[in-house]
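J.: Dropping the sequence and predicted coords here.
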Amino acid sequence: MKRFLLLTCLLACFASLSAQNYDYKPRETWPYLLEEFTSGGVHTSGGEDLNEGWYNICVVDGKLHFVQDGKIMEANMWQIQYARIGDSMYINRMGKMQQVVAKEGIYMLLRSVLVDMDRLYKSDIGYGVSSATASTQSVNTLDMAMSNISMGLEMELETAIAKAKYGSELPLREHYDFMLGVRQIEATRSAVMALPGIDKVAAKKFFRQEKINWNKKESLAKVLKYLADNNL
């Protein structure tokens, strides 16, 4: 009970700090999708619902982390089917957690946020900084993030929180997929137009009428409904 109260107090303090006009960005010292570990639950591949806990998602490798006895731990991804974190649902796809953004029956729009390796290793950054220097800095940043993940595992949450707002920001890449029953495709125009059985003329008309923006989740949710309505 004392450990639970301590954990609750720590998370409450962290939430209070984050509410002070702080624009959250994952950092090499805190490489997490969410600014704080958030209450939720897990459903295992064996069909078991685990007890309530505190969870977060690592943006370097997409793995699920949780708090146990006041320490940060990494979940065994082979055993995770999906997780509820706060008000959001995340499913495990090939060892990475993806958020369910929209749902139409068994069809889903999935969102993932991971470190953007292209931006991290971008060589042409200008401002007189050489590509060699940029590359070295990028490698160091990623190595630092990976090192912090390794060292952060089984670290006391209190210690991790104390370091959370330090270190370099991690460049991120947001990616969307459509989960169509057992099939998963990228949420792009080309991938959708390549679906077997799609009426390309009707699809193009729909995209034009709805002014589909393939970078906006609101538009992608409309495409998801179109796919579900047409059993594609």
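T.: Happy to help now that I have it.

J.: could I get stretch 74-82 in PDB with only the CA atoms?
T.: What follows is stretch 74-82, C-alpha atoms only, in PDB (Å, rounded to 0.1, in the frame of the first residue of the first chain):
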ATOM      1  CA  GLU A  74       9.800  -3.800 -20.200                       C
ATOM      2  CA  ALA A  75       6.900  -6.000 -21.100                       C
ATOM      3  CA  ASN A  76       7.500  -9.300 -22.900                       C
ATOM      4  CA  MET A  77       6.000  -8.400 -26.300                       C
ATOM      5  CA  TRP A  78       5.400 -12.000 -27.200                       C
ATOM      6  CA  GLN A  79       2.800 -12.100 -24.500                       C
ATOM      7  CA  ILE A  80       1.000  -8.800 -25.200                       C
ATOM      8  CA  GLN A  81      -2.000  -8.700 -27.500                       C
ATOM      9  CA  TYR A  82      -3.300  -5.200 -26.700                       C
END
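
J.: Please tell me how far it is from the chain's geometric centre.
T.: Computed by CA atoms, centre = their mean, to the nearest Å, the chain-centroid distance of stretch 74-82 equals 15 Å.

J.: hmm, who's touching it?
T.: With CB atoms under 8 Å, 6 or more residues apart in numbering as the test, stretch 74-82 has contacts from 42-46, 58, 63-66, 89-92, 95, 97, 153. Yep, even glycine has a C-beta here, placed from its N, CA and C like the rest.

J.: hmm, 10 Å instead?
T.: Applying CB atoms under 10 Å, 6 or more residues apart in numbering, the external contacts of stretch 74-82 come out as 41-48, 50, 53, 55, 57-58, 61-66, 83, 89-98, 100, 149-150, 152-154.

J.: tell me which residues in it are buried?
T.: For stretch 74-82, a neighbour-count test (16 or more other CB atoms under 10 Å) marks 74-75, 77, 80, 82 as buried.

J.: Kind regards, and thank you for your time.
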